[in-house]
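Asker: I need the structure of the sequence given here:
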Amino acid sequence: MRWALVRVCLAVTAMVVIAFAVPLGLVVREMARDRAFTDAERQAATIGPTLTITADRDELTRAVLSTEPGGRGRLAVHVPATAEPPSGRMEIGTRRATREDLETVRAAGRASVTGVPGGFALLQPTALGSGDIAVVEVFVPEEEVSHGVTTAWLMLAGVGAALIVGSVAVADRLGVRMVEPAQRLAGAAQDLGEGRLGTRVPEEGPTELRSAAVAFNSMADQVVQLLANERELAADLSHRLRTPLTVLRLNAASLGEGPAAEQTRAAVEQLEREVDTIIRTAREQRPQTQGPHPGAGSGCDASEVIRERMGFWSALAEDEGRTVRLAGVDRTVRIPVARTELAAALDALLGNVFRHTPEGTAFAVDVHHSGDAVIVLVSDAGPGIADPEAALTRGASGRGGGPGAVGSTGLGLDIVRRVAESTGGDLRIGRSVLGGTEVRIWIALDGAPSERGRRGHRVGRRGGRRQRRQTKNRSAELRRPPGAEPHL
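Answerer: Model prediction:
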């Protein structure tokens, strides 16, 4: 916008300068020409009184040489042959005009300018005492006709250039005054879209941009207030779970001893911890001044979290006769995802496996580190998902997620998707080598933007094929009858 304004101002100023400078330059040239020929007429008139008195050659020669142009060889007098006393045709000085031009001027009785080598000749008819017409010729060099024109044109060009430069400078300043507030507004909108809720715009610039800045700041304040209300609502709703959890904990305490009772009490304690975490997170008041990609300080060891959650779910898998395989968690893998968020994502995926596949269905969790990303694959040997695209739509899994999807809220996969996209990664659903569903979580390690993530999709698909080939080698083992391989 700024440079567009500068270009428009440059074009308009250039047209104005050309419209005035070109005609003015032509006027200056005509004025210089008129001045030169006016001086020539004045010089020709100085010899007129002498011609009216005498036609003697010596007298005329002395009169011609006494003039300034005559002394410089620029003045000539042409007397016709009929002059009295008879003396024949007489020419004093250097003739430059042709005889035809001289005769034409003598016959017409009017002054004339004709071009000659090196300049112009002014031919001025003058009456002699005898009544005949003599012609006075004054030579005007080319440089005198254009004397001062070049200087005037250079001055006009300089003035025009100065006007153009000045107008461009003024337009640039005006453009900066208009563009900088617009750029600040655009940058603030981008920051707000990336999650920096503390972003505000200075209310400066033209009236329209000031109004836009006021509206933007008001909108940002409302967004912050809405998010605060949402956090409070989430905290209040979570707090309401404390009462039924207390009753559940008391009932679990009365179950006595045994593996089932211990598992129930452990599950209740885990649920209480999760509710406490939700309440603390929802009511944590911290300025949202960072982007959507968490930093390294908020990350966790993916291998440790996956081992912990698989240890929790392995007990239920053993009760249902499910064969479980865990791979790729033998070394530390740091990812830019909070521990609680990764645990919630894994619980959502594993909960789907137990909820939507028959008992005895095998499943596997594989972790792959590809340098700039970590890929977590959750595969099962169940009936699969009829419509993967619909399953990724928030709230839609209960309408087309496959068998057993009745009663689903559709939020589990949405939680997993948001965890992956918060790092610049993505979530994909496909067919696993076990015959059921494969959910691939692509977690970017460098916090790349979404465009980087989209490029990573292609890489991920190639990486996914490699991972499927690796998993395929383990698929036969996963299909073995329960008891053939140890459970987790």
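Asker: okay, now the unreliable bits of this protein?
Answerer: Applying pLDDT under 70 to the chain flags residues 1-6, 81-88, 235-240, 242-243, 279-298, 393-412, 447-488.
Asker: just the strands from it, written as ranges.
Answerer: 75-79, 90-92, 112-116, 119-127, 133-141, 300-301, 324-327, 334-335, 363-369, 373-380, 426-431, 437-444 (DSSP state E).
Asker: how about CSV for these, with mean neighbour count and distance to Leu346 added?
Answerer: Just so you know, the C-beta spots here come from the backbone N, C-alpha and C atoms, and that holds for glycine as well. Shown next, in CSV, are the strands of the chain (neighbours: other C-beta atoms under 10 Å; distance: least, C-beta to C-beta, whole Å):
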stretch, mean neighbour count, distance to Leu346
strand 75-79, 24, 113
strand 90-92, 18, 120
strand 112-116, 16, 101
strand 119-127, 20, 101
strand 133-141, 24, 100
strand 300-301, 18, 12
strand 324-327, 18, 11
strand 334-335, 20, 12
strand 363-369, 22, 8
strand 373-380, 24, 8
strand 426-431, 18, 13
strand 437-444, 25, 9
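Asker: Val135 is in contact with Thr126, isn't it?
Answerer: Yes - if you go by C-beta atoms under 8 Å, Val135 and Thr126 touch, sitting 7.3 Å apart.
Asker: hmm, back to that, export the strands of the chain to JSON lines and tack on distance to Leu413?
Answerer: As requested, the strands of the chain are exported to JSON lines (distance: least, C-beta to C-beta, whole Å):
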{"stretch": "strand 75-79", "distance to Leu413": "108"}
{"stretch": "strand 90-92", "distance to Leu413": "114"}
{"stretch": "strand 112-116", "distance to Leu413": "95"}
{"stretch": "strand 119-127", "distance to Leu413": "96"}
{"stretch": "strand 133-141", "distance to Leu413": "96"}
{"stretch": "strand 300-301", "distance to Leu413": "21"}
{"stretch": "strand 324-327", "distance to Leu413": "21"}
{"stretch": "strand 334-335", "distance to Leu413": "19"}
{"stretch": "strand 363-369", "distance to Leu413": "16"}
{"stretch": "strand 373-380", "distance to Leu413": "11"}
{"stretch": "strand 426-431", "distance to Leu413": "7"}
{"stretch": "strand 437-444", "distance to Leu413": "8"}
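Asker: of all those strands, which one comes closest to Leu154?
Answerer: Each of those was scored for nearness to Leu154 using C-beta to C-beta, and the closest is strand 133-141 (21.2 Å).
Asker: so which elements touch the closest one?
Answerer: helix 2-45, helix 48-53, strand 75-79, helix 99-108, strand 119-127 (3 or more C-beta pairs under 8 Å, 6 or more residues apart in numbering; DSSP states H and E).
Asker: any idea how far that strand is from the chain center?
Answerer: 72 Å (C-alpha atoms, centre = their mean, to the nearest Å).
Asker: wait, what's in contact with Pro181?
Answerer: 201-202, 204-206, 209-210, 213 (C-beta atoms under 8 Å, 6 or more residues apart in numbering).
Asker: which of the helices and strands packed on strand 133-141 sits most buried?
Answerer: strand 75-79 (a mean of 24; mean count of other C-beta atoms under 10 Å).
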